[in-house]
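S.K.: Okay, sequence plus prediction incoming.
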Amino acid sequence: MSQRRSFAAAGVASFCVLALISLPSAVALSHRTGRAAPILKGPLRSLTRKTKLLKPDGTMRLRGGVAEMEAARDMSYKDASTLEYKDWYQKPDPKWEDKDGCGVVQWDPSLEAWKGSLQHRYGKYKELKRNICKVEGSLENFAKGTEKFGVRRSTDPNKPGIIATEWAPNAQYLALFGDFNGWNRGAHPYSKDDFGVWHCFIPDNADGTSVIPHDSRYKIAITTSTGQETTRIPAWVTYTVQAPKGAPTHPGYDAVFWDPPKKFEFKSALPEQPKSLRIYEAHVGMSSEGEPNVNTYDLFRERVLPRIHRLGYNAIQFMAIQEHPYYASFGYHVTSLFAPSSRSGDPDSLKRLVDECHRLGMNVLLDVVHSHAAKNVEDGINNFDGTAHHYFHEGPEGYHTLWDSRIYNYSSWEVLRFLLSNLRWWLEEYKFDGFRFDGVTSILYTHHGMNHAFVHGYDDYFGTATDMDACVYLMLANDLIHSLRPGCISIAEDVSGMPTLSRPVCEGGFGFDYRLAMAAPDMWIKLLKEFTDDEWEMGYIVHTLTNRRYKEKVVCYCESHDQALVGDKTISFRLMDKEMYDGMSNLTPANLIVDRGIAMHKMIRMLTMSLGGEGYLNFMGNEFGHPEWIDFPRVGNDWSYHCARRQWSLADQTHLRYIHLNNFDAAMHGLEQTFPFLVEDCHEYVSLKNEGDKMIVAEKGELLFVFNLHPSNSYQGYRVGTSWGGKYKLVLDSDWPEFGGHYRNDRHQILHAKNEQWCGRPHYLEVYSPSRTVMVFAKAQ
């Protein structure tokens, strides 16, 4: 749940295009006629010696950013224990006890004044981790809660049966009941130990079969601390479904005993963490087209995943996986943390989806919600044993007023076990490759970021409002996942700008690999809503995109699911509005609104990817300018699914302009794959921010980016400073016809750098820069 809504505050020229549009569903079109534009073929020899994008006949070998993924296709599954730590991975520090938490000061000398706070935080982390290791043996053992809690098969051959264990210290009575015993509350009671943990053992039948059959429904019959006789779903349940009509528990959810006769076997190798992270944010349920329903994991795997792969993304981030009864919560009011959403299928169908992603070489990230929980009682964990302080803080401290949800007590031993075990469960049971931690700002502060603008410097971060127990939880969480899985990816969604968030724990940081650059989408919205094109300030754009904490990696994006929700507008909608319904045909010339919209849509995306950080994210459908907002079924729309879908076919129609935006998105990924510019510590220099000309010139990696944001002026012979002498070729141009452009530059041109200083660079090129275009140049070897 993003806190934005809640908180105040050919020649070489054609290399990456030819590869991207080789399918019938992605044919490049002439912007004038709507007919297929010629796909040029050229030697590409100097460029493709290192990229190996050409077949011997001169045609493209692969589509866009797919090359780095192809190697994983035939690799058999290997356990995470066989993986090795690469140079760019975060690694566990065996000498964590010897550190003082001040290693981060080397990257930010301003933290020198706050060394006491850093030492205090790291000291709290060391103290808790020492206690965990003393009592549980190790942090990894502590996070094996699924081997102790919940309802599961016994692994003891001398004691076959069902073991049920639940932590409910204030409850008066627990019993397991369901289809297997006729929903008899007294047939299978639990017994309580001295630590508030309840135990139940149900031996197998005489013939060796389980008393609780696979795929049967059950619940816990409970007498709470207040004496109320009611029901609960086990907190550690791994699969839940809505009770069918006519069942005694309808319309609530029931637990399902998932114990298939044949355990699912993963076939594909776990992928490496990419050096350049390009994420496709997806919601399985709303990914269907045409059918007024919730899409399934299997249909997503068959119909949607190939699209994402062809575009060249190397990671996919799934929203709304953890079970949530209210569909319109977008998956952020979670009730059962260990259970995949049953709307889209059973656990094995989700595993098939993850396995296929791995076969394609894609990392799979889970949008994990540990910042809060749904306040549901009978099908959630709120008031589980009858007390408000069971899993959550008591009183106002345990309630999020804006989200209408409960706040975890991160100082509780069993809550820590619960949350850390949840991370381990998704890594090991479903083979997810990492997490995007939702609502990190809410976790970090006792005020949860509400009514705080974070403009008072480091006092905002190291004051009494910072929840130290929650900070330590995040440190332990990142410590755990990086020790369990080499290359595990963790991303923090934080709007506060907390320093050290994406520095290793051993340095005194929180241990995230990346943080989201949440100022970027706010900037684009502000510019589109409040300023005309000629009022855009180049310095403001560059500053917002490049204003990042040193040595803390960032995933940047121009829009995510937040901007696509009803009540807001996507960038394409803000640019073209109603013209998206009537003006997107290639059979007639584009009107001024559509022509501007398509041009600016491409510019905004390329600016964000090239200058925004070390990672890039796009929400499902926004890459081709999906024309609808998202509106989940609810009372206000008469429970309609009409706007909870994606119209993929729009990007396939050769007579519609959506294909141009789709092609450009794929071209950006092909460009980044061939000339990596999202990698950490790559060369980056902005040499020009000309407010009058509306020009931005930047070097990133091996590439030279030339942006002309002027609404009308094109510039002939425009001087562009560069670090590198010699010959240049145009490797990407947003003005090419396959991207809906006007083709005002020869894609085969060779430019020669002049050996004179310009804009602080030792060389310069003279280019023709058409208005509202981005051109990308590379050295011609």
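M.R.: Good, I have the coordinates.

S.K.: okay, CA-based contacts and neighbour counts for the rest of this
M.R.: Will do.

S.K.: give me the low-pLDDT residue ranges for the stretch 451-600 of the chain?
M.R.: Of all residues in the stretch 451-600 of the chain, those with pLDDT under 70 make up the ranges 566-567.

S.K.: Name the nearest residue to S714, ignoring sequence neighbours.
M.R.: When the adjacent residues along the chain are set aside, S714 lies closest to P770, with 4.2 Å between them (Cα to Cα, 6 or more residues apart in numbering).

S.K.: pLDDT score for that neighbour?
M.R.: In the prediction, the pLDDT value recorded for P770 is 98.

S.K.: ok, now how distant is it from V706?
M.R.: Taking Cα to Cα, to the nearest Å as the measure, P770 falls 10 Å from V706.

S.K.: From what I see, E628 and W648 are in contact.
M.R.: No - applying Cα atoms under 8 Å as the test, E628 and W648 come out as separate, 11.8 Å apart.

S.K.: Which of these two has more residues huddled nearby?
M.R.: Of the pair E628 and W648, E628 is the one with more neighbours under other Cα atoms under 10 Å, namely 24 against 20.

S.K.: Please, which helix or strand holds L476?
M.R.: Taking DSSP states H and E as the criterion, the element that holds L476 is helix 468-484.

S.K.: Give me the three-state assignment for the closest residue to K86 other than its chain neighbours.
M.R.: Using Cα to Cα, 6+ apart and skipping the chain neighbours, the partner closest in space to K86 is G487 (7.4 Å). Classification of G487 into helix, strand or coil gives coil, according to DSSP: H, G, I helix; E, B strand; the rest coil.

S.K.: so G487 makes contact with T82?
M.R.: No - using Cα under 8 Å, G487 makes no contact with T82, being 12.0 Å away.

S.K.: Of these two, which one has the most company?
M.R.: Under the neighbour definition other Cα under 10 Å, G487 and T82 were set side by side, and G487 has more, 27 against 9.

S.K.: Tell me how far that one lies from D513.
M.R.: For G487, the distance to D513 equals 10 Å [Cα to Cα].

S.K.: biggest helix in the chain, by residue count?
M.R.: Counting residues, the longest helix found in the chain (DSSP state H) is helix 115-136.

S.K.: what's downstream of that helix, the next helix or strand?
M.R.: Where DSSP H and E defines the elements, the next helix or strand beyond helix 115-136 is helix 139-142.

S.K.: Give me the helices and strands touching that next one, please.
M.R.: Packing partners of helix 139-142 (3 or more Cα pairs under 8 Å, 6 or more residues apart in numbering; DSSP states H and E): helix 115-136, helix 413-429, helix 468-484.

S.K.: before we move on, back to that, in contact with the residue nearest to S714, which residues are there?
M.R.: P770 sits next to N708, N713, S714, Y715, R744 when contact means Cα atoms under 8 Å, 6 or more residues apart in numbering.

S.K.: Same list (those residues) but as CSV, adding distance to C200 and secondary structure.
M.R.: Converted to CSV, those look like this (distance: Cα to Cα, whole Å; DSSP: H, G, I helix; E, B strand; the rest coil):
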residue, distance to C200, secondary structure
N708, 69, strand
N713, 76, coil
S714, 76, coil
Y715, 78, strand
R744, 75, coil
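
S.K.: Weed out the non-buried ones from those residues.
M.R.: For these, a burial check counting by 16 or more other Cα atoms under 10 Å picks out N708, S714.

S.K.: Can you lay out the contacts of P770 as CSV showing pLDDT?
M.R.: Shown next, in CSV, are the contacts of P770 (pLDDT from 0 to 100):
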residue, pLDDT
N708, 98
N713, 98
S714, 98
Y715, 98
R744, 97
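
S.K.: Phi first, then psi, for H199.
M.R.: For H199, the backbone dihedrals (degrees, to the nearest 10) come out as phi -130, psi 140.

S.K.: tell me the mean pLDDT for the host helix or strand of E356?
M.R.: With secondary structure defined by DSSP H and E, E356 is part of helix 347-359. Taken as a whole, helix 347-359 has a mean pLDDT of 98.

S.K.: can you give me the angle that helix makes with helix 413-429?
M.R.: For helix 347-359 against helix 413-429, the angle between stretch directions is 60 degrees (axes from the mean of the first three to the mean of the last three Cα atoms, to 10 degrees).

S.K.: so what strands line up beside the helix or strand that helix 347-359 is followed by?
M.R.: Going down the chain from helix 347-359, the next helix or strand is strand 363-368, by DSSP H and E. Strands that pair with strand 363-368, judged by DSSP bridges, come out as strand 315-319 (parallel), strand 434-437 (parallel).

S.K.: residues in contact with strand 363-368?
M.R.: With contact meaning Cα under 8 Å, 6+ apart, strand 363-368 is reached by 271-273, 314-322, 354, 357-358, 432-438, 489.

S.K.: Repeat that for stretch 314-323.
M.R.: Residues outside stretch 314-323 that contact it (Cα under 8 Å, 6+ apart) are 65, 69, 240, 274, 277-284, 330-332, 334-342, 361-369, 436.

S.K.: List the backbone torsions phi and psi for the residue sitting furthest away from the middle of the chain.
M.R.: No residue in the chain sits farther from the centre than A206, which is 48.4 Å out by Cα atoms, centre = their mean. The main-chain torsion angles of A206 are listed as degrees, to the nearest 10 and equal phi -60, psi -30.
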